[in-house]
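> Turn this into a structure:
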Amino acid sequence: MVANGTNLGLSIMQQTDDRPRTLTVPEAGRIYFDLGRNASYAAAARGEIPTIRVGRLLRVPIAAMEKLLEQA
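Residues are numbered from 1 along each chain as shown. Presented below is the predicted three-dimensional model:
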């Protein structure tokens with residue numbers, strides 16, 4: 001606690017909401033384009049599905065997917 005009584009120990013997710021901000025590549029492919037696992041990774045490799053790499057993990061930011069679909 002700090003002097004004004006607020007707790008700074010809350011994580012960013014607790015302060016906003018509990019919805020995920022990223023999806024796995026297969027999840028994004030299935031949800032947005034009805035693609036299978038291999039087709040989803042192929043689309044990501046071509047740059048058709050926006051991705052970010054976090055260590056070994058490849059993730060699709062939901063905000064980037066929504067923006068991509070709005071521009072289509």
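> Tell me who's in contact with the residue nearest the centre of the chain.
Nearest residue to the geometric centre of the chain (C-alpha atoms, centre = their mean): Thr22, 1.6 Å. Residues in contact with Thr22 (C-beta atoms under 8 Å, 6 or more residues apart in numbering) are Ile52, Arg59, Val60, Pro61, Ile62. All C-beta spots, glycine's among them, are computed from the backbone N, C-alpha and C.
> What's the first helix or strand after the strand ranked longest in the chain?
When the chain is parsed with DSSP state E, its longest strand is strand 57-61. The helix or strand immediately downstream of strand 57-61 is helix 62-71, counting by DSSP states H and E.
> Which parts of that next one count as buried, going by neighbours?
With burial defined by 16 or more other C-beta atoms under 10 Å, the residues of helix 62-71 counted as buried are Ile62, Met65.
> And for stretch 29-47?
Going by neighbour count (16+ other C-beta under 10 Å), the buried part of stretch 29-47 is Gly29, Arg30, Tyr32, Leu35, Ser40, Tyr41, Ala43, Ala44.
> with the residues you listed in mind, which one is nearest to Leu69?
The shortest approach to Leu69 among those belongs to Tyr32, at 7.0 Å (C-beta to C-beta).
> could I get the contacts of Thr22 as JSON lines with distance to Asp17 and pLDDT?
Shown next, in JSON lines, are those (distance: C-beta to C-beta, whole Å; pLDDT from 0 to 100):
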{"residue": "Ile52", "distance to Asp17": "20", "pLDDT": "97"}
{"residue": "Arg59", "distance to Asp17": "18", "pLDDT": "98"}
{"residue": "Val60", "distance to Asp17": "19", "pLDDT": "98"}
{"residue": "Pro61", "distance to Asp17": "16", "pLDDT": "97"}
{"residue": "Ile62", "distance to Asp17": "12", "pLDDT": "97"}
